[in-house]
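[1] got a sequence here, can you build the structure:
(one chain, ligands or ions: 1)
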Amino acid sequence: MADTSFDIVVIGSGPGGYVCAIRAAQLGFKVAIVEKQYLGGICLNWGCIPTKALLRSAEIFHYMEHAKDYGLSAQGVGFDPKAVVQRSRGVAKRLSDGVAFLMKKNRIAVIWGEAVIDAPGRLTVKASKVEAPKGALGAGSYQAKHIIVATGARPRALPGLEGDGKLVWTYFEAMKPDKMPKSLLVIGSGAIGIEFASFYRTLGADVTVVEVLPQILPVEDAEIQTFARKQFEKQGIKILTGAKVTKLDKKADSVVATIDDGKGGTKTMEVDRVISAVGVVGNIEGIGLEKLGVKTDRGTIVIDGLCRTNVPGIYAIGDVAGPPMLAHKAEHEGVICVEGIKGLNPHPLDKRLIPGCTYCQPQIASVGLTEAKAKELKYDVRVGRFPFIGNGKAIALGEDQGITKVVFDRKTGQLLGAHMAGAEVTELIQGFVVAMNLETTEEELMHTVFPHPTLSETMKEAVLDAYGRVLNI
Ligand SMILES: Cc1cc2nc3c(=O)[nH]c(=O)nc-3n(C[C@H](O)[C@H](O)[C@H](O)COP(=O)(O)OP(=O)(O)OC[C@H]3O[C@@H](n4cnc5c(N)ncnc54)[C@H](O)[C@@H]3O)c2cc1C
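    Okay, here's the model as predicted:
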């Protein structure tokens with residue numbers, strides 16, 4: 001008979017859940033993971049990974065169109081939307097299969113179905129309509145000393161602006177369009193909205209982004225927002241900020257959107273498709289939380305620094321446990337959670353040190369406090385900047401549009417935040433993340449040797465600039 005009793009059962013196999021299960025297995029726990037539809041969760045199947053695959057196709061298309069700038073020629077440059085989507089789906093499948101392999105390698109039981117917690121220590125798994133992977137356990141009752149909720153999030157649906165699967169898309173449909181829209185309205189300018197805007201614009205769609213807040217990319221530093229906006233507008237993306245889509249009238253194969261411009265005016269706009277990218281909400285319903293009395297707040301589960309809920313034996317990690325709703329935050333919480341259960345006293349997560357990346361053109365990346373936030377917290381700040389036009393590698397790459405900005409505490413020299421826009425900054429930001437984790441000061445950064453020629457030299461130059469010692473500009 002199949003085993004039904006475990007030390008730890010994780011509900012949901014996204015980056016939070018599956019990483020948590022692996023770390024738990026490493027620590028010697030007997031572990032199972034429950035999943036109802038796709039191993040790897042949103043991240044691997046409908047989020048981080050497939051979007052990056054789409055954006056890579058768009059990026060290469062862009063370079064091919066600009067081959068002449070590099071002394072090259074490319075005739076008949078075009079794209080096959082089906083093949084672009086197919087490649088992205090293939091990448092997602094490869095990674096999802098990889099999670100199945102990792103579960104097997106780490107001797108983690110996969111239970112296929114939808115989990116409901118009956119009581120601390122007990123859960124029921126209902127059969128899933130989606131075909132189970134080979135070797136998975138099925139529906140039934142299971143026991144676990146510790147139950148970790150990692151059920152993720154889903155698209156937020158604003159009344160009247162909900163996705164309909166055909167004309168008004170959420171990220172699910174935007175990820176695998178049946179055809180390329182000629183015109184597109186993106187509601188919301190967070191990372192998801194901006195990445196899709198960038199993808200569709202690069203492939204030729206007429207794209208408009210509407211954002212209710214005064215600036216796009218609302219969590220980023222004001223200078224980065226302004227810089228990014230200028231770059232997007234140069235590419236032909238139309239951006240309306242402080243504006244609100246109030247109505248969507250659906251026609252046979254188009255949508256007429258009514259937009260309140262925030263200045264007392266209203267306009268309408270007819271587009272082929274709309275992407276509703278107004279955020280995500282935690283999957284807290286239908287898993288038994290209400291009955292158990294697990295505390296939730298504004299659609300997410302309330303946890304402490306070690307991912308414990310108010311009910312002993314029940315934990316939560318990842319998107320369902322609140323912002324920032326990012327894969328690396330989910331993974332890190334998964335590790336902290338089981339190390340806490342093991343009694344290893346892990347460091348609670350410092351949310352200030354979680355980097356955020358948007359993989360548009362130019363890329364955006366940041367960690368720590370924005371200049372405005374640092375000032376709001378009463379820091380006396382010292383700010384440095386360096387533009388990519390002063391960087392040899394950026395010019396050699398043909399990527400001279402970018403900026404690196406750093407914010408220091410004038411009193412202690414502590415690096416409080418770093419903000420970047422430009423080529424490959426999503427790879428570069430980790431340098432600042434490590435520095436901040438090590439509580440680096442300006443002195444140490446200025447003594448660090450950066451390789452030449454690299455885009456990373458903009459990071460050192462920005463630090464030098466903060467202290468009046470910038471060299472190459
Ligand atoms: C378009 C898009 C792009 C993104 N890009 C990035 C990015 O570049 N970088 C980044 O860091 N983040 C990105 N994100 C966010 C990222 O995908 C999430 O932060 C991440 O997936 C959260 O992981 P998770 O483990 O908490 O949950 P999820 O990945 O959502 O996984 C939850 C899993 O739980 C399962 N589940 C739910 N309820 C039950 C139940 N009752 N029983 C069994 N199984 C259940 C679901 O089927 C799902 O597989 C993106 C998101 C989207 C939508």
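[2] CA atoms for contacts and neighbours, from now on please.
    OK.
[3] Leu217 and Phe386, how far apart?
    Distance, Leu217 to Phe386, by Cα to Cα, to the nearest Å: 21 Å.
[4] list the buried residues of whichever strand or helix holds Leu428.
    According to DSSP states H and E, Leu428 maps onto helix 425-437. Neighbour counts using 16 or more other Cα atoms under 10 Å place 425-426, 428-430, 432-433, 435-436 of helix 425-437 among the buried residues.
[5] same for the next helix or strand after it, what does it pack against?
    As assigned by DSSP H and E, the chain's next helix or strand after helix 425-437 is helix 442-447. Using 3 or more Cα pairs under 8 Å, 6 or more residues apart in numbering; DSSP states H and E, the elements in contact with helix 442-447 are helix 457-466.
[6] residues in contact with the helix it packs on?
    382-388, 391, 403-408, 442, 445-446, 450-451, 470-472 (Cα atoms under 8 Å, 6 or more residues apart in numbering).
[7] report the contact partners of Asn437.
    Asn437 touches Leu353, counting by Cα under 8 Å, 6+ apart.
[8] recalculate using a threshold of 10 Å.
    350, 352-354, 415 (Cα atoms under 10 Å, 6 or more residues apart in numbering).
[9] now do Gly140
    By Cα under 10 Å, 6+ apart, the contact set of Gly140 is 4, 111-113, 115, 123-127.
[10] please pick the buried ones from those.
    Neighbour-count burial within the contacts of Gly140 applies to 111-113, 115, 123-127; the criterion is 16+ other Cα under 10 Å.
[11] and the contacts of helix 457-466, which are buried?
    Buried subset of these (neighbour count, 16+ other Cα under 10 Å): 382-388, 391, 403-408, 442, 445-446, 450, 470.
[12] would you mark the buried spots in the lengthiest helix in the chain?
    Counting residues, the longest helix in the chain under DSSP state H turns out to be helix 81-105. Residues of helix 81-105 classed as buried: 81, 84-85, 87-89, 91-93, 95-96, 99-100, 102-103 (neighbour count, 16+ other Cα under 10 Å).
[13] what do you get for stretch 282-298?
    282-284, 287-289, 294, 296.
[14] any idea of the mean pLDDT for stretch 194-205?
    The average of the pLDDT scores along stretch 194-205 is 98.
[15] run the chain-centre distance for it.
    With Cα atoms, centre = their mean, to the nearest Å as the basis, stretch 194-205 stands 17 Å off its chain's centre.
[16] stretch 329-342 now?
    19 Å.
[17] may I have the residues that are in contact with the residue nearest to Asp97 when sequence neighbours are not counted?
    Nearest residue to Asp97, sequence neighbours excluded (Cα to Cα, 6 or more residues apart in numbering): Leu39, at 7.5 Å. By Cα under 10 Å, 6+ apart, Leu39 lies in contact with 12-15, 17-18, 33, 45, 93, 95-100, 103, 110, 112, 133.
[18] now do the strand ranked longest in the chain, average pLDDT.
    Counting by DSSP state E, the longest strand found in the chain is strand 140-149. Strand 140-149 carries an average pLDDT of 98.
[19] now find how far off-centre the helix or strand of the chain with the lowest mean pLDDT is within its chain.
    Least confident helix or strand of the chain, by mean pLDDT, DSSP states H and E, is helix 442-447 with a mean of 94. Put simply, helix 442-447 sits 30 Å off its chain's centre (Cα atoms, centre = their mean).
[20] can I get that helix in CSV, CA atoms only?
    The C-alpha trace of helix 442-447 is given here as CSV (Å, rounded to 0.1, in the frame of the first residue of the first chain):
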residue,chain,number,x,y,z
GLU,A,442,31.1,52.8,-0.1
GLU,A,443,34.8,52.3,1.0
GLU,A,444,34.7,48.6,0.2
LEU,A,445,32.9,49.0,-3.1
MET,A,446,35.4,51.7,-4.2
HIS,A,447,38.3,49.3,-3.4
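[21] around the ligand, which positions in the stretch 1-150 of the chain sit nearby?
    Proximity of the stretch 1-150 of the chain to the ligand (Cα under 6 Å from any ligand atom) is limited to residues 11-17, 34-43, 47-48, 113-116, 150.
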